[in-house]
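A.B. asks: Kindly return the folded structure for what I paste below:
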Amino acid sequence: MHKKRLINKSTNLYAFIQSLKVLIENEQNSAINCLDKDSTIAILNFLKKTGFTKELFCTETIYTLFNEIILLWVSRDKKLLFFEEIKDYKNFNSLKTKTQNIYSHIFKNNIFDWYKPSEVFFNKVNQLFNNYDFTNTDKDLIGKLYEQFIDKEERKRLGQFYTPEVVIDYILDKIGYTANNKIENKKIIDISCGSGGFLVRAARRLISNLEKKQLSPKKIIETTINNIYGLDINPFACYLAETNLLLQLLDYIIELRSKKDNLNYQVPKINIYQTNSIEFYGMFGDQNSVVSDIKNRRGKFQDGFDFVVGNPPYLEAKKMDQNTKKLCIESCKEVLKGAFDLYICFIYLGLKYLNKNGNFGYIIPNKFLIANYSIKIRKLILTNYSIKEIVDMSKAKVFDDASVYPIILIVNNKKPKRDTTLLTSSEIKEPKKLISNEIKLHKIKQKIYERDDYIFFTLPNSETQANLLLKLINGYKTLDTYLEIKWTVSFHSLGLRENFLFDHKPSSRYDVERLVD
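C.D. replies: I've put the predicted structure just below:
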């Protein structure tokens, strides 16, 4: 018998992933051909409802298949399952059923289970996987394997965008999700969780905290699951998030089930749920009961969450379908204005989920600071919440998409006082500077924002420039003292604007201020 390569060596991990990608690409083509010949009504309805193309749906199907195979093989090498190889599709399903005795939900039937690979496919899988030893893998290495399993370009194509870990860690620090704050009894939620970037980093902090308290594996597993929640509209994203969180707990599951008294221990459901977060269900809706309780703030969620985090979806009004617009208006009418962006709804709903004195941390577009469509949500925040930080990351190239210029917004659910202050920072060139103590934070009073359409701003890094700007804001007269201000209605046709000038603000949603030369 040949000697197996240890997967925890970087060269072996790289070789394994490259071979895996070849198998994935070949099987994607096979799945597309299969779907063209035989599409069930359920699949056709799913494609119609989600707007997925057949190619995208087949890609997610194959990634789900390989995800299950990887989990089976890791479970085998870690002695949670016992099999030599996967012979065929029937044998594959049998192993999945056995794995449900450990954790039922990942291997339950879902929309991606329609595809049945051939026996030749499983022979290739056996040849590849039997070359490697997964015995000594830990949760971090398996997570790393999974990150490389779907590369960056493929993630972008699948619509999965990942927030850099340094940004996530900064937000978790600033909202107080740290070991010093006894987070083992506090709940955190991401209502646009994607594949679980924020939740996985949070889980690692929580698990580390629980380990230091020398708690049992069972207590670590159940405390982690009971305090971390995620919602997302994409079933594939939910599947990835649930898998990623399961991987964080795998070593404790193995340790627990290795003892005679716990051989049949089944891991509780990880709290990741597929739902449209902006869609509200009434008290007797037909939605999952946990999701319904979260959205209605009842049961164990009646007091809300201690922490709300995330990188919500950005979608301009002109790109939004009519159903999404309708749902936004039904759920978030209080804060919507003009051609709003979808992320405004996620800010509003995220804030609503906070418990008393709970903390909120999002990374969102910098348009939020000044856009006309976000006036209402800015006013709501200024009136009812205490802003802790606004950090401008516009120059830091946080995301690959050059058109996204983000800020970090940290808010506390506590009514502000006249002397409530916040910290601001701008001109950050690199994300890594967030945790290197190189950024300059300036303190300003929140009340300053209660003017000029509630425009939010950040202060420049230069101490001199920041102090000068504060003096101008706090002690000097505004420009309308020295300049004649008139109003006009916004026109796109050249020359029309000059014919519609007013001494007072007109009653039009399209009015704009204009300086007269």
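A.B. asks: only C-alpha atoms for contact and neighbour calcs from this point on.
C.D. replies: Fine.
A.B. asks: Please pull up the helix or strand immediately following the strand ranked longest in the chain.
C.D. replies: Criterion DSSP state E: the longest strand present in the chain is strand 354-365. Next helix or strand after strand 354-365 toward the C-terminus (DSSP states H and E): helix 375-384.
A.B. asks: Show me what the next helix or strand after that following helix is packed up against.
C.D. replies: Note on helix 375-384: by DSSP H and E, the next helix or strand toward the C-terminus is strand 386-392. Packing partners of strand 386-392 (3 or more CA pairs under 8 Å, 6 or more residues apart in numbering; DSSP states H and E): strand 406-412, strand 421-425.
A.B. asks: Using TSV, lay out these together with mean neighbour count and distance to T61.
C.D. replies: Listed next are the helices and strands packed on strand 386-392 as TSV, based on neighbours: other CA atoms under 10 Å; distance: least, CA to CA, whole Å:
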stretch	mean neighbour count	distance to T61
strand 406-412	23	32
strand 421-425	20	43
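A.B. asks: Compare the mean pLDDT across these and name the weakest.
C.D. replies: Mean pLDDT values for the helices and strands packed on strand 386-392 show the minimum at strand 421-425, a mean of 90.
A.B. asks: between that strand and strand 386-392, how big is the angle?
C.D. replies: 10 degrees (axes from the mean of the first three to the mean of the last three CA atoms, to 10 degrees).
A.B. asks: Pairing partners for strand 421-425, with directions?
C.D. replies: strand 386-392 (parallel), strand 442-445 (antiparallel) (DSSP bridges).
A.B. asks: Alpha carbons of it, as CSV, please.
C.D. replies: Backbone C-alpha positions of strand 421-425 (Å, rounded to 0.1, in the frame of the first residue of the first chain) are rendered in CSV as follows:
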residue,chain,number,x,y,z
THR,A,421,-19.2,62.0,20.8
LEU,A,422,-18.0,59.6,18.1
LEU,A,423,-14.6,58.9,16.5
THR,A,424,-13.9,59.4,12.8
SER,A,425,-11.0,58.6,10.5
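A.B. asks: Check the separation of the first and last residues in stretch 84-92.
C.D. replies: Counting by CA to CA, to the nearest Å, you get 12 Å between the two ends of stretch 84-92.
A.B. asks: nope, stretch 261-275 is what I was after
C.D. replies: Stretch 261-275 has an end-to-end distance of 37 Å (criterion: CA to CA).
A.B. asks: what stretches of the stretch 301-450 of the chain score poorly on pLDDT?
C.D. replies: 400-403, 436-437 (pLDDT under 70).
A.B. asks: all strands for this protein, in order.
C.D. replies: So, for the chain - with DSSP E - the strands run 5-6, 132-133, 188-190, 228-232, 272-274, 305-310, 354-365, 386-392, 406-412, 421-425, 442-445, 485-489, 501-502, 511-515.
A.B. asks: which strands and helices sit next to the longest one?
C.D. replies: If contacts are counted by 3+ CA pairs under 8 Å, 6+ apart, strand 354-365 sits against helix 165-175, strand 305-310, helix 342-352, strand 406-412.
A.B. asks: what's the angle from that strand to strand 386-392?
C.D. replies: Using the same axes, to 10 degrees, strand 354-365 lies at 20 degrees relative to strand 386-392.
A.B. asks: roughly how far apart are the closest residue to I43 other than its chain neighbours and A42?
C.D. replies: Spatially, and ignoring its direct neighbours in sequence, I43 is nearest to I111 (7.2 Å; CA to CA, 6 or more residues apart in numbering). Distance, I111 to A42, using CA to CA: 8 Å.
A.B. asks: Next: P313.
C.D. replies: From P313 to A42 the distance is 27 Å (CA to CA).
A.B. asks: and these two? which has more neighbours close in?
C.D. replies: Higher neighbour count among P313 and A42: P313, with 17 against 11, using other CA atoms under 10 Å.
A.B. asks: Leaving out chain neighbours, which residue sits closest to that one?
C.D. replies: Going by CA to CA, 6+ apart, P313 has Y343 as its nearest residue, at 5.7 Å.
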